[in-house]
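*Asks:* next come a sequence and a model predicted from it.
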Amino acid sequence: MESIIKNIAALSKSPIRRDALAILEAGLAAVNVRTAIRRSVSFRKSSLLVSGKRFDLRRFDHIYVFAIGKAAADASAALEEILGSRITDGIALDVKRRRLKRIKSVAGTHPFPSFTNMLATGEIMAFLKNLDSRDLVVTVISGGGSALLCWPFQLKCDEVALVTKTLMARGADIGEINIVRKHLSEIQGGQFARMAYPATIIGLVISDVPGDNLDMVASGPTVRDTSTVDDAARVLVKYDVIKVCKLPGCDLRETPKDPLFFSKVTNVLVSSNRDAVGAMVKEARKRGWSPRILSTKLHGEARDVGRKLAAAPKPGQAVIAAGETTVTVKGKGQGGRNQELALGALPAIKPGMLVISCASDGIDNSPAAGAIADEVTVKAAAKARLTGRKFLEQNDSYSFFKKIGQHISTGVTGTNVSDLMLAMRR
């Protein structure tokens, strides 16, 4: 089978690296979207079985599939394999397009919304507003959906993008950002479910958020929101973002709270970073390392987390973590939180130590998925006369690792279960 890590052979320059990359590869393979969908969904005797719950398809006149996020296209292909011609119609809104038989595939933009995203969102909403009690909606909700779905009340999509970009640049975490997104949107924060009522909804959720709170994945379009408009306003005030909006208070609106709109919704977690971490533990043990799970909801400033992660393992240990760190942007460089984490770890690296951080979707605000910090990286940087501190000051981790060839490259993986991190010490 072809490796998920495209440059695994070029990176495997030491025994510890070979083990580390195999452990990461195992984690990425465990959250393959089509495998996850088939693990949770099957068809048998006129019924759709979803994580043990049976839906009699004879009760429905139509089956619609709406898949949203970085797993949308691959998940839609899996659902077409399971349901075939029983699917009436649908839309897969992803960052990539693929050939599907019954479902329209649309490639939108991420991490910020665009007019393309808005057109596709409007098309989904047109479907939802015309559903009735004899319709079944199968949704796939995955990471990236918060940006891909875009239908604000009165703001324009580029204004929503500016709000999001400002929050990210000022260090807001994903929970805070999604609270705001939900209260700006006519389809997120449970609005999807409100619009689709009284249709029956099956929500297949692939979690990319620490703690797997379903109302936070893609800003929870099918989940009753637990946050309030006041919570969203407090986030905007905290990060001084209100002034970037042209409308008073950024036109925040309350999300639907009436339980009626969610009475015919079944949301199921089909994959998360716990699956990846579990597989990484098994592979580490298989290779003679003593695995330890640090956290599945690791957070904090990326460079600081990298330094702490480097010091975490004892000799012979493989410390495994997942989550989503943040980057407070002060420079004009390129590179995401995974490369910044690895670059932050570099000064703490001593002989026999290694740190990897990798975006499970393969996109770390650059063409790279992540990077490795170890002895090989230190020597390569010294040979190229590169000072990591200068690149950190510019938030330019991508350029640093590109110059010395220490990126991890996977391409777009079709899934997103947050970031995967690994620290090892001989």
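*Replies:* Received the coordinates, thanks. A quick note: this is a predicted structure, and the numbers were derived from the prediction, not measured.
*Asks:* would you agree residue 275 falls within a helix?
*Replies:* Yes: per DSSP: H, G, I helix; E, B strand; the rest coil, residue 275 lies within a helix segment.
*Asks:* the longest helix anywhere in the chain: how far from the chain's middle?
*Replies:* Counting by DSSP state H, the longest helix found in the chain is helix 15-30. Offset of helix 15-30 from its chain centre (C-alpha atoms, centre = their mean, to the nearest Å): 20 Å.
*Asks:* which parts of the stretch 251-400 of the chain are strands?
*Replies:* 265-271, 290-298, 317-323, 353-359, 370-374 (DSSP state E, counting those that start in this stretch).
*Asks:* could you redo those strands as CSV and give each row distance to residue 88?
*Replies:* C-betas here are computed from N, CA, C, even on glycine. Putting those into CSV (distance: least, C-beta to C-beta, whole Å) gives the following:
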stretch, distance to residue 88
strand 265-271, 19
strand 290-298, 37
strand 317-323, 37
strand 353-359, 35
strand 370-374, 40
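*Asks:* give me the spatial nearest neighbour of the residue located most distally from the centre of the chain, chain neighbours excluded.
*Replies:* Using C-alpha atoms, centre = their mean, the residue of the chain lying farthest from its centre is residue 383. It sits 35.5 Å away. Spatial nearest neighbour of residue 383, excluding adjacent residues (C-beta to C-beta, 6 or more residues apart in numbering): residue 404 at 7.9 Å.
*Asks:* for that neighbour, give its distance to residue 106.
*Replies:* 38 Å (C-beta to C-beta, to the nearest Å).
*Asks:* next one: residue 231
*Replies:* 31 Å.
*Asks:* cool, residue 196 as well?
*Replies:* 19 Å.
*Asks:* between those two, which is the more surrounded one?
*Replies:* With neighbours defined as other C-beta atoms under 10 Å, residue 196 and residue 106 compare such that residue 196 has more, 28 against 21.
*Asks:* that one reaches residue 128, doesn't it?
*Replies:* Yes: counting by C-beta atoms under 8 Å, residue 196 touches residue 128, with 4.6 Å between them.
*Asks:* name the residues contacting each of these two.
*Replies:* residue 137 (C-beta atoms under 8 Å, 6 or more residues apart in numbering).
*Asks:* could I get the strands of the stretch 251-400 of the chain as JSON lines with mean pLDDT, mean neighbour count and distance to residue 32?
*Replies:* JSON lines is the format used below for the strands of the stretch 251-400 of the chain (pLDDT from 0 to 100; neighbours: other C-beta atoms under 10 Å; distance: least, C-beta to C-beta, whole Å):
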{"stretch": "strand 265-271", "mean pLDDT": "97", "mean neighbour count": "20", "distance to residue 32": "9"}
{"stretch": "strand 290-298", "mean pLDDT": "97", "mean neighbour count": "17", "distance to residue 32": "18"}
{"stretch": "strand 317-323", "mean pLDDT": "97", "mean neighbour count": "24", "distance to residue 32": "16"}
{"stretch": "strand 353-359", "mean pLDDT": "98", "mean neighbour count": "28", "distance to residue 32": "15"}
{"stretch": "strand 370-374", "mean pLDDT": "98", "mean neighbour count": "29", "distance to residue 32": "18"}
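*Asks:* and the ones you listed: which comes nearest residue 12?
*Replies:* Proximity to residue 12, assessed across the strands of the stretch 251-400 of the chain by C-beta to C-beta, is greatest for strand 370-374 (10.4 Å).
*Asks:* using CSV, write out every CA atom in the closest one.
*Replies:* C-alpha atoms of strand 370-374 as CSV (Å, rounded to 0.1, in the frame of the first residue of the first chain):
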residue,chain,number,x,y,z
GLY,A,370,4.0,19.5,9.3
ALA,A,371,7.7,19.1,10.1
ILE,A,372,10.3,17.1,12.1
ALA,A,373,12.6,18.6,14.7
ASP,A,374,15.6,16.4,15.7
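*Asks:* ok, and for stretch 230-237, which residues are buried?
*Replies:* Of the residues in stretch 230-237, 231, 232, 233, 235, 236 count as buried by neighbour count, 16 or more other C-beta atoms under 10 Å.
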